[in-house]
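A.B. asks: need a 3D model of the sequence below.
(chains A and B)
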Amino acid sequence: MRDARRAELRSDLWEHLQHASGDGHGRLRWSLQVIGRVVRGMADDLWWRFAQQAAARPRTEATERRRHLFAWLFDWVVSPAFAIGVLLTAWASTSPFWPAGALVVLFVALTVLRMKLVGPISNESAYMLGVAPPDADPQRLRRHWGGLLSSVLLLVGARAYAAALDDPLRDPAYGLVHLAVSLASLGILVSVLMLLNEYVRRWRRQRRGRSGE
Amino acid sequence: MRRKQGALVPLEQALLAVAVELAKAGRPQFHGFAVAKELMEREAARRLTAHGTLYKALERLERAGLLTSHWEDPVVAADAGRPRRRLYQVTALGERALARAPATRPGQLPGRPGIVDT
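C.D. replies: Next comes the predicted model:
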């Protein structure tokens, strides 16, 4: 299959070169176009290869169980932990670029490992960090708005409760209120980032559409 | 979120639309670069579809039985002095899948909302 793909790409490059020469475009322009096509298609190509590898792997009950466990751990533990870690590092650290950048690089490396072992991935944290496929999901926007609304409600509720306390610092519930405020703030931050990400993606799609008119 | 079983993503729909129109124009067989070029011209895009994206979509369509493919005769390719082409052709199932796909405005190509074919 890999040989077939290579042969197909060889043919594509040859046709592309002929087309560019016929149009009077120089070799430099052709090279730039080819590099652009390779780079833009890299994620899809990797996705495809990993999916092929995952599909071709022999499947027994035990390997399937391990596969599901690994996928579950990655999707629901590792990747949210990384997403929150990146946000917290960027938020709290005095020099956020390097630790947050290192976490993102590590997350991408783990994602590649996850894709190699299990196949393509799609979860909210991965969407946010830009390593999940960009297929449109109409429900996603609603979920992000729901997350934002519930975080805001939690924040408002916790603040209102704290305001009602006579001496918050001595009240045993103050620790819980503080935790709720922190969680709600983090929830708002995450939801806003996800919403921004989603709206930017939609805006780009629309802009690409309009630029073609 | 995985896509719905059997649903066509916009690029697949656009590829099928091009394949069907090429067939109607008397060119039932096409190779990857030809369809990428056709897509770019018809959608007035500035860039050709990326290799990975294009061939992955073609492979998905073929696996779903909406396209078939074969490698052209090496003698023909050698005579033309070029690498062998992998030639694709839309199947009857592909034509039906395109007909069933969500309707687009007259003149508008699938996959690029708001783009009008001129």
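A.B. asks: how many neighbours does residue A:71 have?
C.D. replies: Residues near residue A:71, counting by other Cβ atoms under 10 Å in any protein chain shown, number 16. The C-beta positions use only the backbone N, C-alpha and C, and glycine is treated the same way.
A.B. asks: please apply the same query to residue A:103.
C.D. replies: Using other Cβ under 10 Å, residue A:103 has 20 neighbouring residues.
A.B. asks: does it lie in a helix or a strand, and which?
C.D. replies: helix A:97-118 (DSSP states H and E).
A.B. asks: go on, residue A:6?
C.D. replies: Taking DSSP H and E as the definition, residue A:6 sits inside helix A:2-22.
A.B. asks: buried ones in whichever helix or strand comes after that helix?
C.D. replies: Counting by DSSP H and E, the element after helix A:2-22 in chain order, helix or strand, is helix A:27-56. Neighbour-count burial for helix A:27-56 flags A:30, A:33-34, A:37, A:40-41, A:43-45, A:47-52, A:54 (criterion: 16 or more other Cβ atoms under 10 Å in any protein chain shown).
A.B. asks: looking at these, which is nearest residue B:80?
C.D. replies: Residue B:80 has its nearest neighbour among these in residue A:30, at 19.7 Å by Cβ to Cβ.
A.B. asks: grab the nearest non-local neighbour of that closest one.
C.D. replies: Nearest non-adjacent residue to residue A:30, counting by Cβ to Cβ, 6 or more residues apart in numbering or on different chains: residue A:20, 3.9 Å away.
A.B. asks: now the two most distant members of the buried residues of helix A:27-56.
C.D. replies: Of all pairs drawn from the buried residues of helix A:27-56, the one with the longest distance (Cβ to Cβ) is A:30 and A:54, at 34.8 Å.
A.B. asks: for the chain, which spans come out with low pLDDT?
C.D. replies: Defaulting to chain A. Applying pLDDT under 70 to chain A flags residues A:1, A:24-26, A:50, A:53-54, A:57, A:86-101, A:115-140, A:168-169, A:208-213.
A.B. asks: um, chain B though
C.D. replies: For chain B, the ranges with pLDDT under 70 are B:1-6, B:102-118.
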